[in-house]
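S.K.: Structure for the following, please:
(2 chains)
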Number of protein chains: 2
Amino acid sequence: MSEESLLTTVSIEGPLSMSLPPKEEFSEWYNEVLRTAEIMDVRYPVKGMYVWHPFGFELKDRVYDELKAGLRSTGHDEAMFPLLIPRTELMKEGEHIADFEKEVFWVDRAGVDELEEPLALRPTSETAIYPMFRLWIRSHTDLPLKVFQVVNTFRYETEHTRPLIRLREITSFKEAHTAHASAGEAEAQVDEALGVYGEFFESIGVPFTVTRRPSWDKFPGAEYTYAFDTLMPNGRTLQIGTVHNLGENFAETFDVTFEDEDGEQRHVHQTCYGISERCVAAVIGVHGDDNGLRLPWSVAPVQVAVVPILFAGSEEEVMEACLDVEERLDEEGIRVELDDSDDRPGEKFFRWELRGAPVRIEIGPRDLESDCAKLVSREGEETAVPLEGVVERVQAVASEYDGRLFDEAAANLEDELVKADTIEGARGIVGRGVAVVGWCGEDGCGKSLEEQLNGDLLGALSDREGSGECIGCGSGARVAAAVARTY
Amino acid sequence: MSEESLLTTVSIEGPLSMSLPPKEEFSEWYNEVLRTAEIMDVRYPVKGMYVWHPFGFELKDRVYDELKAGLRSTGHDEAMFPLLIPRTELMKEGEHIADFEKEVFWVDRAGVDELEEPLALRPTSETAIYPMFRLWIRSHTDLPLKVFQVVNTFRYETEHTRPLIRLREITSFKEAHTAHASAGEAEAQVDEALGVYGEFFESIGVPFTVTRRPSWDKFPGAEYTYAFDTLMPNGRTLQIGTVHNLGENFAETFDVTFEDEDGEQRHVHQTCYGISERCVAAVIGVHGDDNGLRLPWSVAPVQVAVVPILFAGSEEEVMEACLDVEERLDEEGIRVELDDSDDRPGEKFFRWELRGAPVRIEIGPRDLESDCAKLVSREGEETAVPLEGVVERVQAVASEYDGRLFDEAAANLEDELVKADTIEGARGIVGRGVAVVGWCGEDGCGKSLEEQLNGDLLGALSDREGSGECIGCGSGARVAAAVARTY
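M.R.: Next comes the predicted model:
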């Protein structure tokens, strides 16, 4: 990316104030970071629909590249299905549509014609894809079938909308859909999906819990749903990914069958799983600090910002050294940006911290006297490095940067997962972190817990066992459940 | 891409017939290639909306990667704007909407609500983007502004729809939008865009003409329009790209102004230019032959297919050699696929010719006796190559493959650009190729020419001068115009 492309795209209204609200005021901080770091513009004249700035778009693309790589390496093929779904298809699966119907945007007319059949803007694509699966799948040799697409989807959200988090146009919904010959294979696919997602979130530095959602919160039409949640700085959890075992429900509805090895026609077993641009919100929310974004090395559009410190008389020499450093980093495939704008150095420091560049390199006449450059980490740690060793030093930082970012965030999440043995204890946790409580697993008891705790029961934590008593009803705790206030 | 991903995705109905209609029957050939090579599935239950198969999707992605690279290297930033456009914005530019209104899909309701304001599914994004330009552009230092997006757009086509060519959902519309401080800079941007597009089409092996569209065929709201056309095998030209100078029209409508160096508020000068998945149709149509696709090396999802020739007793040895060749090619970044499916070799040959792999490598026990592999070009030329020299030989093929493909197609187009000095002469060309005629440049005369020739006047060829007389009215020929039957 050329410098111009980053620096001249957008006029922030008025001069950059060179400060953000403190991250503790998370909502204000979040909006201001999206604006000033040029992630999204919220001024588009339709509620819940936003504009990706180039910097934000590149960040999103790099995040999705990680996700796609994980899917491809496990045999998922990328395809693309139409946006518009005929009403009859959308309405076929009763439980599914009952849940989505209030959220659907409809096209009834085009040009000067009323359409014979209304078309839905996909809220999710099961009903667009499975009629094609019916045509594609004939024999057990066609299975497993594993495809995904990254598309815009639409939900008529009536709650307060929020960029990247609660949208009417989800611009980049990654949805995977699979079909299998047996229930066992579908279950194994759920496990594979959980693994792919887990590795993906770790690759972008986002720690998570995995829970099996309670029955009233599963995907409509699914047998069961696992969900990934992360904890945002305001104490609310954000659902960032879901994995569903659809059993034979949709296969029965859409008549998706295959001939098995004995020549019998049988329904396929299906799974689907999705991730939206909430994963970008998670990267922003989990790692940012009072100075702005802190982006993992893996996805930062600019990994190293080079800032020349110019004084009259030594400009040429300094710029030459900066260009040389830029070139050598670039040759190693490092995303480097030489900031030769007219701004003062302090403004440049602010800009690149705001935009989450993991490393800043400053070079001024005094550094050159000792043939050095100053490396400054995103956290402000300064090191003088001989010019000839800059590339190696940057590579050393790169090699440990994301691990440290993830470990720090994971430790923080772990700290906020707090075991509570009583309703009272749990109440003190929900809203600040995640309460881990014994739960009997009964729906009625779970819903009552949600009311008493003024939070959502995320479900049974997949990596913990239940023990002791259910904090709701006192019977045996079948599972360790997570309860939190959610987005 | 793993082998599995290519081979097991889709059940073609019934066994593959191992033959296509001859390419001379272009319409049948085209549909059958899209189906059997797994580019698109046309059986989606909404007219004019189709499904990208994984193989087709990967081809499309690689084609668009070439396009995006050209845009990025000339300072265009990728952004993304919402799909839905408020009716008031869409209706603002009178000439623009007059042309698009009959083609717009409308959303009037969502969930159980009637929307206060109807929302249009973008037919193109000027009216979504320029209200944001108004917010983004304040000063001459914000100019030039050059962004692009790749998005789905919607046109309620009433003519016969056709996959990749005439769509109701264009899944991958690349549209670029720029703003400049002066008319001269906008004109220079038009030149830059023509250059980027020209290099792009050459990179995917598609020859073209560039014409300045007659006034009645320019983009609604533009001052003038240049268009790229290629010639499809049925003698019709296909418009594959357009470049528009919008002047200050939209800037006036959307109040996009900037403060110039003297402190004056002035309107920006704008350009926009677009390419749709028709560029993929062009790659398919221009190069294919009776055996299927012939894909340029640059974009072929599989560049080299390795086919083991297995006989009882030597399977292990042959597979080992195939795996070794696959590995060595893969290490060099070549997209190689070892076809170890259970199909007979003849079926594999057919498959990889159908899918346009530039090179096939066959290895059987007899080849191994002389430590050789058999390289077969997509055109059927066979060469025995020592196993140790396979990589170098493939690289040698790669280095000249696309140039040859383009030169061949360009020579063919040149042959079909036939100068005609009379109406009668031109009539004999239109429908088979492109008639090049002297034209006075007057609208009335041009429209009459279209009627007399039963074709479309593409406009003045940008690389030829007018000479002699206008074949319509006999006055001086200001330009050399192209006339053809079009898609």
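S.K.: show me where the stretch 151-300 of chain A has helices.
M.R.: A:183-203, A:249-254, A:278-287 (DSSP state H, counting those that start in this stretch).
S.K.: winner for burial among those?
M.R.: The highest mean neighbour count among the helices of the stretch 151-300 of chain A belongs to helix A:278-287 (a mean of 25), with neighbours defined as mean count of other CB atoms under 10 Å in any protein chain shown. Heads up, the C-betas are built off the backbone N, CA and C, glycines and all.
S.K.: Skip ahead from it and say which helix or strand is next.
M.R.: From helix A:278-287 onward toward the C-terminus, using DSSP states H and E, the following helix or strand is strand A:304-308.
S.K.: Quick one: mean pLDDT for that next one?
M.R.: If you average the pLDDT over strand A:304-308, you get 98.
S.K.: Work out the gap between it and the centre of the chain.
M.R.: Averaging C-alpha coordinates over strand A:304-308 and over its chain gives two centres that are 28 Å apart (CA atoms, centre = their mean, to the nearest Å).
S.K.: mind listing what A:M91 touches?
M.R.: A:I97 (CB atoms under 8 Å, 6 or more residues apart in numbering or on different chains).
S.K.: bridging residues for the nearest residue to A:M132 once chain neighbours are set aside?
M.R.: The spatially closest residue to A:M132, leaving aside those adjacent along the chain, is B:V51, at 5.7 Å (CB to CB, 6 or more residues apart in numbering or on different chains). Beta bridges link B:V51 to B:D41 when assigned by DSSP bridges.
S.K.: Now for B:V51, how many residues are close by?
M.R.: Around B:V51 sit 24 other residues, with neighbours defined as other CB atoms under 10 Å in any protein chain shown.
S.K.: Report pLDDT for it.
M.R.: On the pLDDT scale, B:V51 gets 98.
S.K.: A:A460 contacts A:V437, doesn't it?
M.R.: No. With contact defined as CB atoms under 8 Å, A:A460 does not reach A:V437; the gap is 10.7 Å.
S.K.: Please identify every residue contacting each of those two.
M.R.: The overlap between the contact sets of A:A460 and A:V437 (CB under 8 Å, 6+ apart) consists of A:480-481.
S.K.: So for the two, which residue has more residues nearby?
M.R.: Neighbours per residue (other CB under 10 Å) separate A:A460 from A:V437, with A:V437 holding more: 30 against 21.
S.K.: now A:E185: how far from chain B?
M.R.: Taking CB to the nearest CB, to the nearest Å as the criterion, A:E185 is separated from chain B by 14 Å.
S.K.: need the contact list for that residue.
M.R.: Residues touching A:E185, when contacts are defined by CB under 8 Å, 6+ apart, comprise A:143-144, A:269.
S.K.: residue farthest from the centroid of chain A?
M.R.: A:G313 (47.9 Å; CA atoms, centre = their mean).
S.K.: Just give me the longest helix of chain A.
M.R.: What stands out as the longest helix in chain A, according to DSSP state H, is helix A:390-416.
S.K.: and it, which residues are buried?
M.R.: Buried residues in helix A:390-416, counting neighbours by 16 or more other CB atoms under 10 Å in any protein chain shown, are found at A:390-391, A:393-394, A:397-398, A:401-402, A:405-406, A:409-410, A:413, A:416.
S.K.: Give the next helix or strand downstream of that helix.
M.R.: Proceeding N to C from helix A:390-416, the next assigned helix or strand is strand A:417-419, under DSSP H and E.
S.K.: Next, the buried residues of that following strand.
M.R.: When neighbours are counted by 16+ other CB under 10 Å, the buried residues of strand A:417-419 are found to be A:417-418.
S.K.: Summarise which helices and strands that strand is packed against.
M.R.: Strand A:417-419 sits against strand A:434-439, with contacts defined as 3 or more CB pairs under 8 Å, 6 or more residues apart in numbering or on different chains; DSSP states H and E.
S.K.: I'd guessed A:P131 sits against A:F250; true?
M.R.: No. In terms of CB under 8 Å, A:P131 does not count as a neighbour of A:F250; the distance is 10.3 Å.
S.K.: my guess is the residue nearest to A:M132 contacts A:A79, does it?
M.R.: Yes. Counting by CB under 8 Å, B:V51 touches A:A79, with 6.8 Å between them.
S.K.: Touching both of these two, which residues are there?
M.R.: Common neighbours of B:V51 and A:A79 are not found (criterion: CB under 8 Å, 6+ apart).
S.K.: at contact distance from chain B, anything in stretch A:104-117?
M.R.: Yes. Using CB under 8 Å from any CB of the partner chain, stretch A:104-117 reaches chain B at A:104-113.
S.K.: filter these to the buried ones?
M.R.: Judged by neighbour count, with 16+ other CB under 10 Å as the criterion, the buried members of those are A:104-111.
S.K.: Next, format these as TSV and append secondary structure and pLDDT.
M.R.: Formatted as TSV, the entries for these read as follows, by DSSP: H, G, I helix; E, B strand; the rest coil; pLDDT from 0 to 100:
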residue	secondary structure	pLDDT
A:V104	coil	96
A:F105	strand	98
A:W106	strand	98
A:V107	strand	98
A:D108	strand	98
A:R109	strand	97
A:A110	strand	97
A:G111	coil	94
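S.K.: Below-threshold pLDDT in the stretch 1-150 of chain A: ranges please.
M.R.: Applying pLDDT under 70 to the stretch 1-150 of chain A flags residues A:1-17.
S.K.: I'd like to know how far the residue nearest to A:T486 when sequence neighbours are not counted sits from A:R427.
M.R.: Counting by CB to CB, 6+ apart, A:T486 lies nearest to A:D456, which is 4.6 Å off, once chain neighbours are set aside. Taking CB to CB, to the nearest Å as the measure, A:D456 falls 14 Å from A:R427.
S.K.: and those two? which has more neighbours close in?
M.R.: When neighbours are counted by other CB under 10 Å, A:D456 and A:R427 differ, and A:D456 comes out ahead with 22 against 16.
S.K.: Go ahead and list the helix or strand containing A:F55.
M.R.: Element membership for A:F55, per DSSP H and E: helix A:54-73.
S.K.: Can you name every helix or strand that that helix contacts?
M.R.: Secondary-structure packing of helix A:54-73 (3+ CB pairs under 8 Å, 6+ apart): helix A:3-7, strand A:77-78, strand A:145-154, strand A:169-180, helix A:183-203, helix A:278-287, strand B:77-78.
S.K.: What are the buried residues along the helix or strand where A:D330 lies?
M.R.: Secondary structure assigned from DSSP H and E places A:D330 in helix A:315-331. Neighbour-count burial for helix A:315-331 flags A:318, A:321-322, A:325-326, A:328-329 (criterion: 16+ other CB under 10 Å).
S.K.: now do stretch A:18-32
M.R.: When neighbours are counted by 16+ other CB under 10 Å, the buried residues of stretch A:18-32 are found to be A:20, A:23, A:26, A:29-30, A:32.
S.K.: And the contacts of that stretch?
M.R.: A:33, A:36, A:42, A:163, A:232-234, A:284-285, A:288-292, A:346-347, A:350, A:354.
S.K.: picking up where we left off before, with mean pLDDT and distance to B:V304 as added columns, please give the helices of the stretch 151-300 of chain A in JSON lines.
M.R.: Listed next are these as JSON lines, based on pLDDT from 0 to 100; distance: least, CB to CB, whole Å:
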{"stretch": "helix A:183-203", "mean pLDDT": "98", "distance to B:V304": "29"}
{"stretch": "helix A:249-254", "mean pLDDT": "97", "distance to B:V304": "38"}
{"stretch": "helix A:278-287", "mean pLDDT": "98", "distance to B:V304": "36"}
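S.K.: I'm done for today, thanks for sticking with me.
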